[in-house]
Each structure stands twice: as C-alpha cells, then as structure tokens.
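*Asks:* any chance you could fold what I've pasted below:
(chains A and B)
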Amino acid sequence: MTAAARSTGALAFALCLRRAALPGVLATGLAAIGALVFAPELGDPATATTPATATGALTNWLLLPLLTIAVTVAVTVIFLWPTFAHRQPGADWVRRLHRGPLAGCGAVIAGALAAQLALSLPLMTLFARGLGAPAEAAVHRALSPPDSGALLSPGRPRLAFDLPSSSAELAAIELRPLAAPPGATLEPSHVAIELGGAPLSSPPAVFDQTGQFMRLTFTPRPASRLELVLQSGNVPLFFPAGAVVAVEDAGKNGTTNGCLAALLWLVPTFVALAFSCLAGAVAARPTVLTVALTLLVLFGIAGLGPAQPVLLGVLRGHWLLASSAISASGPSLLAGALAMIGAMLLRHRNRR
Amino acid sequence: MATAISVQQLAVRFGGRRPVDALHPLDLELECGRIAGILGPNGSGKTTLLRVLAGLQQPTQGRATVLGEPAGSAALHRRLAYQPEGALPLGVLSAPEFLAWVGARLGLDNRESDARAAHWLGRLDLQHAGKRWLRTFSTGMNKRLALAAALLGEPEVLLLDEPTAGLDPFGSAAVMTTLRELAAAGTTVLMASHHLLEVEEVCDEVLVLQGGRVRARGTFGELLGTDAHALVVRGLDAAAIAQLGETARELGGEVVRTEPERQHLFALFRRLAAARPAEGPAPNPDGPAAGGGGANAEAPEEREHPPE
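*Replies:* Sure, this is the predicted structure:
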C-alpha cells in the first residue's frame, strides 16, 4: 500500500466505492428496465430529425442510479467519519491526527466525490448512450427575443433574432413557443425560417398548441440573423428567452460531454456534504443525515441547481460547457464553499 | 530531571447559560520518565485535563506546556500521544489497516509504520485479529488496539484515559507491564483511571481530583506512608509464628495481623485459563496468554496485587 493509499481521502474513496457500487448497479438495472418498459414516444419524425430530441423524457431513468449513488456516498461518509457530526465516538482520535480546522472532513468529502465520479462516469457515458443520448454533442445557444416584443401573430408576422457572433455554422433551429388561443376558428400557424435573409428549403414548422417542440435541420451555414416568418394561420405564438435555440454544427465528443456531466453532478453531493459538515459542528448524526438527504432530494428531484440541466444536456446532446448547467453550478458551488467556511469557523469556536 | 508536563493555574469552564467549572485553577509538574495517575470520581475533570494537554480543549485560563511546547502545538503531533476513552474511529477497518492509517497521519514511512504495527499487534496480543473489522472487536481488543495506535509514533509523552477499562486481567497486566517498560525507557505517562490497584501498582505519583479541584497530590509514600513495616514469613508452624510474635513484642513492636497466606484471584484465573482448551489466543501455563510473550509473560510473577 502506498502512502497515498493510506491517506484519509483514499480510505473514504475506497469505502464509498465499495458501499455504493452494488446499490448503483441495482438502480441502473432497474432504470434500464424502466426505460424499456415505459419508453416515451419520440417526436414527429418529420420535424424531430433525431430520436435524441425526445430523450429528455428519460432523465428520470438516468437520475435514479445517479441519485442512488449520491445518497449512498453521502450516508457512508457521514457514518464513516466521526467528526462529521457532533460528539461521535472516536472523534478525539481524529481531531488529534487531523489537526486542520475541519478535522479531516475536507479530505473525506474529496474521497467521497472521487468515488461518486468513478461510479457515475459509466452512467453518464455508456448508460446515457443506451438511453438514446447522441454520440456527438453540439453547442446549443438560446436566443433572446427582440426588444420590440416576442409575439408572432397575424398582426406582426415577422420576428428577428440576432445570433451570437461565432465562427461555427448553424445546423438546426429548435423552437418551443407558447401559444395563445386565436380570436377566430383555430388555424395552425405555419412558421418559416429565414437565415441571413435567405429562406430555408425545409417545410415550415406548424404550431397549434402551446409548448410544442419543433426542430428544423438544414445544411450547415453561417448566419448572423434569424427571422421567423408567419406564413399562414392565426395562432399567436410567444417566443420568450430560450424558446428559440440555434444549434451549431461543430460536433463535440459525446463521451467528453458525459464526463463533464459526471463532474457537474458532483456539485449536489458536494453542497449536501458541505452543509452536513456545517450542521455537524453543532448537531448530532440524525440531523446531519437529514440535511444531506434533503439537499440531495432538492437537487435531484426538485430541480434545484445544476442537476436537471446536466441530465437534460447529456441526454439531448447539448454541449455542457456552453449550457445553462455551468451557470447553474456557480451559486451552488458558492453556497457549498460558504458552508465549508462556516463549518471551519464553528468548529474552531467549539474548541474554545 | 527535565519537566515533561507543566501546568500553571489551568482552568476550564464550559460555557452556556449555566457555566460549569470543569477544572478550577490547578498546577501540575511531571518529570520525564514518570508515570502519574489521575484519580477521581466521574465528572471530576480527569478527561478535561487530559484533553487540554492533548490540545483538544482550550483552557479558559492558565497555561499548559508539554515538553516545553504549548499544549496543542503542532510540534507535539508525534511527540505526544493521547488515547481517549471510548470507541475507535473507522470501525470498518481491520487492525492493520487502522494502524496503517494512523502511521500515515503521523507521517511515518510505510515500512517503518508496518514494522511498528506488527510489533505492537504481537505485543498486545492482537495478531490474531486478522481482517476483522474494528467494530466487531471486544472492549478489551479495542483498548489494546488503541494503546498500540497511541504507541505507534513512539511518543515521549503518553496521555491515557481509562487504559484498562473493560480489559480482562491478562490484557490489563499486559498494559501495565508495557507502561512500566515505557517509563523505564524515558516515556512520561499520565493516565486517568478508576482502577485504584492498578494506579497504585504502576504509578510513581498520583493526583486526586474532585469537582475540578485537586484534593491530593504526591507519591504514594507521601500520601499513604506509615511507620509500619510488614514481614511475610513462610515455612513456620503455628508455635514458631507465636514465638516470632513474642520476639516482635519484646522488641517494642506490635503484631497487627496473623493470617494464613492465600493466593490472589488472579492466580486462580490464570490456572483456570491455562487448563481451558485452546480457543484462539488462549493463555498458557507459563504466561498469561499463549503467543503473547513479552509483557504478558512477565506480568503474573511481578504482581503483588491482582488487577481489578
């Protein structure tokens, strides 16, 4: 055994790996069965040109094993390390040997996160591919509506969007407008797209309900301006921020995207363990466990932080480095870091 | 002789709405190579004093130094070891794994750490523990492993909180013998205990605490000494003993007690254990524990008193 293998972080890594592997495998098996049995219907092949556009509906099946692993890792760490909670047997041993302000909690969290990363990498790459994630990821840029308004209606049949300056060529446009009821008998709205003033050769997108998703692919081309043109129909369509997405052509490696997803999925566990560490300065183990599990549920199921955008991104083939998952991670990481600092200060005060 | 532990006007008050004085101002000096016992009822401040010296508790007032360094100083990381009372951490590790972790935390070279671990595991009769998890250990095994972990860094000062609580007579004897040998080699030992006989047997001096205050302090001679001397004779019949008593009285002495000699319970325990069929590391007739050797083998012959 090397010196590194005897370190506290390595101990936590090995133990979390051992404890979380079996539940992770079982949850993955369950998720695979669930995804097969309850497979959602894919989008209209005429407009949704790749099955990946509907894989967002499978996020729950990817979430199940990931959340199982995160919960197991968090519980293992809290039971393993005596200084994670207040007044645990063996805590004085650890404080004597770990003289830092967190008494080894930082090293244990690092080891636990490494174990989670090792276990979630295959899920975010291989299992996600099995669920239908595309082999290549692409940069998706959400367009902001023009200042003059975001409504496309018979009274205002043109909407123009400025495209971000990028050297990459566009390969597809994704539309998900909100629809309002028309004043007369409903006639579906037919929307054509012009890029840089030139109309696309693909047939227009037809909308007759709100939240309807349409993906229009075309031969990759450079463009600086996108216009939506209402050709016919009377359903008013509202395009708020994010309702129009320009998909760049530059293909990114899907496996790399999966690895990024696994890294970003560490954020919820880090935040949960950081707040547990903070609570553990004054609270006993049941409270610490409650804090960790509550935060993991809020992240994983309630959609707090980057967890949901990461899962959607990896399954839909959105290049995560250019996605909202990165910006959603910032506040969570900041909160986790502040919790760790708070834990240090509280623990220092407790020594007095 | 150099001072190992020096405490001046040290006091600890635990805060809150109703503050509690765990230790009232006390002074203590302990020379290198001495063994001192801290006695006192529960809540008397024994553990608090040890925790302050180990750097785990900040004193409210006063000053504590160990080997010339302030208590809790990083310079004492390896020079001082503290064996707290209670369970060991990392209950899912085996004894060698736990000692490897302790060695790594103490900054020991892997090979040296393993060699020391093997030595102390053998010495304290834990070599048979194998890959068993610590959480499956008996209280006695836990205590002995805790001592092995405390000794891994070859500390100059050893602080022990109830080192023999829950140990059987053999384990207790092994610990006591080890402490005597360590002190002979220059290690300073400060131990809190409720086992009066063990403290009397192994310690050079004693500190009695009650309610956080020092009630008595000194060597056993200073605290318990009388002008009487005991004479133990063997091989005389009743008439000869009566004559010996007469002689004592003629010399101005007083015969306080005459009673037949009997063995201590410890000797009976050892005989019964030796006769028992071997179950793992069973004690043997020549020593308190088979395969234990070292400290165990010497213990019974040296003892005047049985351990509790």
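*Asks:* need the contact list for the nearest residue to residue A:350 once chain neighbours are set aside.
*Replies:* Nearest non-adjacent residue to residue A:350, counting by Cβ to Cβ, 6 or more residues apart in numbering or on different chains: residue A:281, 6.2 Å away. The way it works is simple: take the backbone N, C-alpha and C, and place the C-beta from them, glycine included. By Cβ atoms under 8 Å, 6 or more residues apart in numbering or on different chains, the contact set of residue A:281 is A:86, A:343, A:346-347, A:350.
*Asks:* check residue A:145 too.
*Replies:* Contacts were defined as Cβ under 8 Å, 6+ apart; by that measure residue A:145 touches A:159, A:161, A:239-241, A:243-244.
*Asks:* before we move on, what SS does it have?
*Replies:* coil (DSSP: H, G, I helix; E, B strand; the rest coil).
*Asks:* can I get the buried part of the contacts of residue A:281 as one PyMOL selection?
*Replies:* Filtering those down to the buried ones (16 or more other Cβ atoms under 10 Å in any protein chain shown) takes a single PyMOL command:
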select buried, chain A and resi 86+343+346+347
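*Asks:* pop out the phi and psi values for residue A:232.
*Replies:* Per-residue torsions, residue A:232: phi -160, psi 170 (degrees, to the nearest 10).
*Asks:* circling back to that earlier point, farthest-apart pair in the contacts of residue A:281, please.
*Replies:* Spanning the widest gap among the contacts of residue A:281 are A:86 and A:343, at 11.6 Å by Cβ to Cβ.
*Asks:* returning to that earlier point: the residue nearest to residue A:350 and residue B:108, how far apart?
*Replies:* Distance of residue A:281 to residue B:108, given as Cβ to Cβ, to the nearest Å: 30 Å.
*Asks:* and chain A, split by domain according to the record?
*Replies:* With domains defined by automatic domain parsing, chain A comprises A:3-137+A:254-351, A:140-250.
*Asks:* out of the ones you listed, which is the most enclosed?
*Replies:* Ranked by mean neighbour count, these are led by domain A:3-137+A:254-351 with a mean of 20 (mean count of other Cβ atoms under 10 Å in any protein chain shown).
*Asks:* show the average pLDDT along that one.
*Replies:* For domain A:3-137+A:254-351, mean pLDDT is 88.
*Asks:* what does stretch B:128-140 give?
*Replies:* Averaging pLDDT along stretch B:128-140 gives 88.
*Asks:* show me what contacts the residue lying closest to residue B:139 once chain neighbours are set aside?
*Replies:* Spatially, and ignoring its direct neighbours in sequence, residue B:139 is nearest to residue B:166 (3.5 Å; Cβ to Cβ, 6+ apart). Contacts here follow Cβ under 8 Å, 6+ apart; on that basis residue B:166 touches B:139-140, B:142-143.
*Asks:* now residue A:174
*Replies:* A:53, A:140, A:213-216, A:244-245, A:247.
*Asks:* show me where chain A has its helices.
*Replies:* A:8-37, A:59-80, A:91-97, A:105-122, A:128-131, A:254-264, A:266-280, A:285-300, A:307-316, A:324-351 (DSSP state H).
*Asks:* how about whichever residue of chain A sits closest to chain B, phi and psi?
*Replies:* Taking Cβ to the nearest Cβ as the measure, the point where chain A comes nearest chain B is residue A:90, at 3.1 Å. Residue A:90 has phi and psi values of phi 90, psi 0 when expressed as degrees, to the nearest 10.
*Asks:* now do the contacts for it.
*Replies:* Each residue near residue A:90 by Cβ under 8 Å, 6+ apart is listed here: A:82, B:86-91.
*Asks:* residue B:226: which of these is nearest?
*Replies:* Nearest to residue B:226 among the contacts of residue A:90, with distances taken as Cβ to Cβ, is residue B:86, at 38.5 Å.
*Asks:* for residue B:95, see how far away the residue of chain A closest to chain B is.
*Replies:* Note on residue A:90: its distance to residue B:95, by Cβ to Cβ, is 15 Å.
*Asks:* please apply the same query to residue B:212.
*Replies:* Per Cβ to Cβ, residue B:212 is found 36 Å from residue B:95.
*Asks:* of the two, which one has the most company?
*Replies:* Per other Cβ atoms under 10 Å in any protein chain shown, whichever of residue B:212 and residue B:95 has more neighbours is residue B:95, with 28 against 22.
*Asks:* okay, that one: pLDDT?
*Replies:* On the pLDDT scale, residue B:95 gets 94.
*Asks:* swap in residue A:175?
*Replies:* The model reports residue A:175 with a pLDDT of 89.
*Asks:* which strand residues bridge it?
*Replies:* Going by DSSP bridges, residue A:175 is paired in beta bridges with residue A:214, residue A:244.
*Asks:* so what's residue A:262 up against?
*Replies:* Residue A:262 neighbours (Cβ under 8 Å, 6+ apart): A:117, A:120-121, A:123-125.
*Asks:* out of the residues you listed, who's nearest residue A:144?
*Replies:* For the contacts of residue A:262, the residue nearest residue A:144 by Cβ to Cβ is residue A:124; the value is 29.8 Å.
*Asks:* measure residue B:26 to chain A for me?
*Replies:* To chain A, residue B:26 is 19 Å away according to Cβ to the nearest Cβ, to the nearest Å.
*Asks:* any idea of the mean pLDDT for the host helix or strand of that residue?
*Replies:* Element membership of residue B:26, judged by DSSP states H and E, is strand B:20-31. For strand B:20-31, the mean pLDDT works out to 90.
*Asks:* would you mind listing the buried residues in it?
*Replies:* Using 16+ other Cβ under 10 Å as the burial criterion, the residues of strand B:20-31 that qualify are B:22-26, B:28, B:30.
*Asks:* next one: stretch B:32-51
*Replies:* Result for stretch B:32-51 [16+ other Cβ under 10 Å]: buried residues B:32-40, B:44-51.
*Asks:* go back to the residues you listed and keep what's next to chain A.
*Replies:* Subset of the buried residues of stretch B:32-51 in contact with chain A: residue B:51, counting by Cβ under 8 Å from any Cβ of the partner chain.
*Asks:* what sits against residue A:80?
*Replies:* Per Cβ under 8 Å, 6+ apart, neighbours of residue A:80: A:11-12, A:15, A:108, B:90, B:92.
*Asks:* what's the most distant pair in the residues you listed?
*Replies:* Using Cβ to Cβ, the two most remote members of those are A:108 and B:92, lying 13.3 Å apart.
*Asks:* coming back round to it: so which of the contacts of residue A:262 reach chain B?
*Replies:* Okay, of the contacts of residue A:262, nothing touches chain B (Cβ under 8 Å from any Cβ).
*Asks:* can you list the residues of the stretch 1-150 of chain B near chain A?
*Replies:* Applying Cβ under 8 Å from any Cβ, one finds that the stretch 1-150 of chain B approaches chain A through B:51, B:54-58, B:74, B:77, B:81-82, B:84, B:86-93, B:100-106, B:110, B:149.
*Asks:* check what pLDDT residue A:232 gets.
*Replies:* Value listed for residue A:232 in the pLDDT field: 89.
*Asks:* oops, could you answer that again for residue B:308 instead?
*Replies:* As predicted, residue B:308 sits at a pLDDT of 34.
*Asks:* one more: residue B:159?
*Replies:* 95.
*Asks:* how much space between it and chain A?
*Replies:* As judged by Cβ to the nearest Cβ, residue B:159 and chain A stand 10 Å apart.
*Asks:* do the same with residue B:24
*Replies:* Remark: distance between residue B:24 and chain A (Cβ to the nearest Cβ) = 18 Å.
*Asks:* pretty sure that residue is touching residue B:13, no?
*Replies:* No: with contacts counted by Cβ atoms under 8 Å, residue B:24 stays clear of residue B:13, the gap being 9.3 Å.
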